[in-house]
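Q: Return atomic coordinates for the entry below.
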Amino acid sequence: MTAAKAAAFPAAYTEQLQAALDFIRGGSKFLVVAHVQPDGDAISSTLVVGWLLRQLGKQPVLINESAVPVRLHFMEATAGIINYSKQPPEEKFDRIISIDCADFRRIGLVKDCFAENAQLLNIDHHPTNDDFGSHNLIRTDAAATVEILFDLIEFAGIPLDNEAATAIYTGLLTDTGGFRYSNTTPRVMHIASVMLTEGVKGHWIANHLLEQMTKPQLLLLQRGLSRLTFSDDNQIAWLYVAFADMADTGAVGEDLEGLVNYALNVEGVEVGILFKETENGDVKVSMRSSGKADVSAIAQTFGGGGHVRAAGCRLEQGIQESVASVVQAVREALDK
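A: Now for the predicted structure:
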């Protein structure tokens, strides 16, 4: 990276970038892990970190507690990400890089691969991140974790190739809703432009990830929308998916992605909520806000986290109880 580009970053952030780079240069083998049930940014970030480590002559071991969503398999390097639930390594690692994890719990069972006194570099963009790493590279105004990784690559002065550019573009695309959300900044568009210059097929990725649907996904959407419910003032809309719906429709976890937006996208709705019943009866909650309510703060009261406009949590109670408690919390937030 040139000195002029380095000067564009605030001093404190530049220090974090340098510390992150020193952390990487100080080791030889790294375990790279993103949050459980990974989304586009989490998987893309995993691939970008693996690519960066290889460029620096390091050995990455990429892992996640969950499987890589099928729709992201077009990035060939995803085949190298270990599914911990199927193939837990026996080896312990003393150098960890966590990406896109708002808190330590989001690492999931992969934490069992950490050696005692392991050093952990925490790279993330969630405002609720609690600096759980021994080293932390946090930029809460970044649209996605891949944006921070682009900063790091630029800071390190490493030229991109199509593999890294495709992963960075995919992370930006998915975390900005196709460059439509309010986190789509001039910086995001600049990076996306650079990635397109590297030969990324942006139109193909957008069509593949944002337009195409599988039949099970469509059937799941049909069931979810049949339960769409509104508050009396129509500012809150929610729907739920029962555990049996997944088996009945043949849907998988990734087919839930974007479902919550159907609730939020109704004119006049300020907060949309998706409740998803899990196999053990717990309920996962995804919330989206137009900006009037901080759903990250609401999620935190239930032990979750996220962003002002997109957050989630998990409740150890049934669907109806979860709906009652979360909708009430959203109601109170909107009334403030």
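Q: Tell me which stretches of this protein form strands.
A: Secondary structure of the chain (DSSP state E): strands located at 29-34, 59-64, 82-83, 93-99, 114-124, 135-138, 229-230, 236-241, 271-277, 283-289, 305-306, 310-315.
Q: what about those, which gets the closest to residue 175?
A: For the strands of the chain, proximity to residue 175 was assessed by C-beta to C-beta; strand 310-315 is nearest, at 8.9 Å. In this view, the C-beta of every residue, glycine as well, is placed from N, C-alpha and C.
Q: Check the offset of that closest one from the chain's centre.
A: 13 Å (C-alpha atoms, centre = their mean, to the nearest Å).
Q: which residues of the stretch 101-250 of the chain fall in helices?
A: 145-156, 162-175, 186-197, 202-206, 215-226, 243-249 (DSSP state H, counting those that start in this stretch).
Q: what about those, which gets the closest to residue 291?
A: Of these, nearest to residue 291 by C-beta to C-beta is helix 162-175, at 16.6 Å.
Q: which other residues reach that closest one?
A: 39-41, 44-45, 47-48, 51-52, 72, 75, 77, 143-147, 149-150, 153, 160, 179, 181, 183, 188, 191-192, 194-196, 198-202, 205-206, 209-210 (C-beta atoms under 8 Å, 6 or more residues apart in numbering).
Q: Relative to its centre, which residue of this structure is most distant?
A: In the chain, the greatest distance from the average C-alpha position (C-alpha atoms, centre = their mean) is reached by residue 232, at 32.3 Å.
Q: isn't residue 108 right next to residue 85, touching?
A: No. Using C-beta atoms under 8 Å as the test, residue 108 is too far from residue 85 to be in contact (9.1 Å).
Q: Neighbour count: those two, which is higher?
A: For residue 108 and residue 85, the more surrounded residue by other C-beta atoms under 10 Å is residue 108, and the numbers stand at 19 against 14.
Q: how near is the more buried one to residue 193?
A: 35 Å (C-beta to C-beta, to the nearest Å).
Q: what stretches of the stretch 1-150 of the chain score poorly on pLDDT?
A: Residue ranges of the stretch 1-150 of the chain with pLDDT under 70: 1-7.
Q: One more pass at 80, please.
A: For the stretch 1-150 of the chain, the stretches with pLDDT under 80 are 1-8.
Q: How about residue 34: what's its closest non-neighbour residue?
A: Nearest residue to residue 34, sequence neighbours excluded (C-beta to C-beta, 6 or more residues apart in numbering): residue 42, at 3.7 Å.
Q: and that neighbour, what does it touch?
A: With C-beta under 8 Å, 6+ apart, residue 42 has these contacts: 34-35, 64, 99-100, 145.
Q: I'd like to know how far it sits from residue 312.
A: For residue 42 relative to residue 312 (C-beta to C-beta), the value is 13 Å.
Q: now swap in residue 229 and tell me
A: 19 Å.
Q: Those two - which one has more neighbours?
A: Using other C-beta under 10 Å as the criterion, residue 229 and residue 312 rank with residue 312 on top: 23 against 13.
Q: What residues are recorded as beta-bridge partners of the more buried one?
A: residue 286, residue 305 (DSSP bridges).
Q: residues contacting it?
A: Residue 312 neighbours (C-beta under 8 Å, 6+ apart): 284-287, 299, 304-306.
Q: okay, among those residues, which ones form the most distant pair?
A: 284 and 305, at 13.2 Å, using C-beta to C-beta across these.
Q: Now do the domain split for the chain, please.
A: 11-210, 215-335 (the TED database).
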